[in-house]
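>>> Provided below are the primary sequence and the corresponding predicted coordinates.
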Amino acid sequence: MEKTRITHIDEGLDFLGWRIQRHRKRGTDRHYVYTYPAKKSVRTVARKIKTICRTDVNQPLPVLLRQLNSMLRGWCAYFRPGVSSATFQFLRQLVWGQAIRWIRRKHRRITWKDLRRRYCNGGWWPTTEEITLFDPAKVRTTRYRYRGAVIPSPWPTKG
C-alpha cells in the first residue's frame with residue numbers, strides 16, 4: 001500500500017527513475033505527456049560523481065576518467081529516450097567542475113595555464129592521450145513519435 005499512489009497525470013509521478021507528467025507545449029494550447037529524469041535520479045548520479053571525484057588524488061587522471069565515463073555513459077544511455085537534454089547539460093557542468101577540482105587538489109601550486117596544458121591539451125575539457133572525459137551534453141536524445149496506422153505489419157503480405 002505504501003508504494004501505491006493514485007494521482008492525476010498533471011501532478012505527475014515518478015516511476016523507475018523517470019518523472020512522467022503532462023505539460024502544455026510551449027506556444028500552443030495542446031497538452032502532451034513528457035518523461036524526463038526524476039530529481040531523485042539526478043541527485044543520485046550527482047552524488048556518485050562527487051564520490052568518485054573525492055577519491056585519492058595520488059591516482060593518475062585516466063583512472064578517474066574511466067570511472068566517471070563508465071558511470072556517465074550508462075546513466076545517459078538509460079535516460080536518452082526522454083526529455084533529458086537540459087539534465088545532460090547540468091551533468092556536463094557538474095562533472096567538469098568536479099574533475100577540475102580533483103585536478104586542482106592534485107596540483108595545488110600550479111597555474112591554470114599549466115593545468116590546462118598538462119590535463120586538457122590546452123583547452124578546457126580534461127583529456128589524456130588515451131581517454132577523454134565523457135561529455136553528457138553531446139548525447140542526442142531520442143523521442144518516440146506516434147505513428148498510428150503507419151506501423152508496418154510484421155507479417156508478409158500475400159500478393
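That came in fine, so what should we check first? Residues are numbered from 1 along each chain as shown.
>>> helix/strand/coil for the nearest residue to Trp18 once chain neighbours are set aside?
Sequence neighbours aside, Thr35 is the residue nearest to Trp18 in space, at 5.0 Å (criterion: Cβ to Cβ, 6 or more residues apart in numbering). C-beta: built from backbone N, CA, C; applies to glycine. Secondary structure assignment for Thr35 (DSSP: H, G, I helix; E, B strand; the rest coil): strand.
>>> Report the contact partners of Thr35.
Trp18, Arg19, Ile20, Pro81, Gly82, Val83 (Cβ atoms under 8 Å, 6 or more residues apart in numbering).
>>> List only buried entries from these.
Trp18, Arg19, Ile20, Gly82, Val83 (16 or more other Cβ atoms under 10 Å).
>>> Helices of this protein, start to end?
For the chain, the helices defined by DSSP state H occupy 39-53, 61-79, 85-106, 112-119.
>>> Using a markdown table, please lay out those together with mean pLDDT, distance to Thr127 and mean neighbour count.
Converted to a markdown table, the helices of the chain look like this (pLDDT from 0 to 100; distance: least, Cβ to Cβ, whole Å; neighbours: other Cβ atoms under 10 Å):
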| stretch | mean pLDDT | distance to Thr127 | mean neighbour count |
| --- | --- | --- | --- |
| helix 39-53 | 96 | 16 | 15 |
| helix 61-79 | 95 | 8 | 17 |
| helix 85-106 | 95 | 10 | 17 |
| helix 112-119 | 92 | 8 | 14 |
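>>> With that, I have no additional questions.
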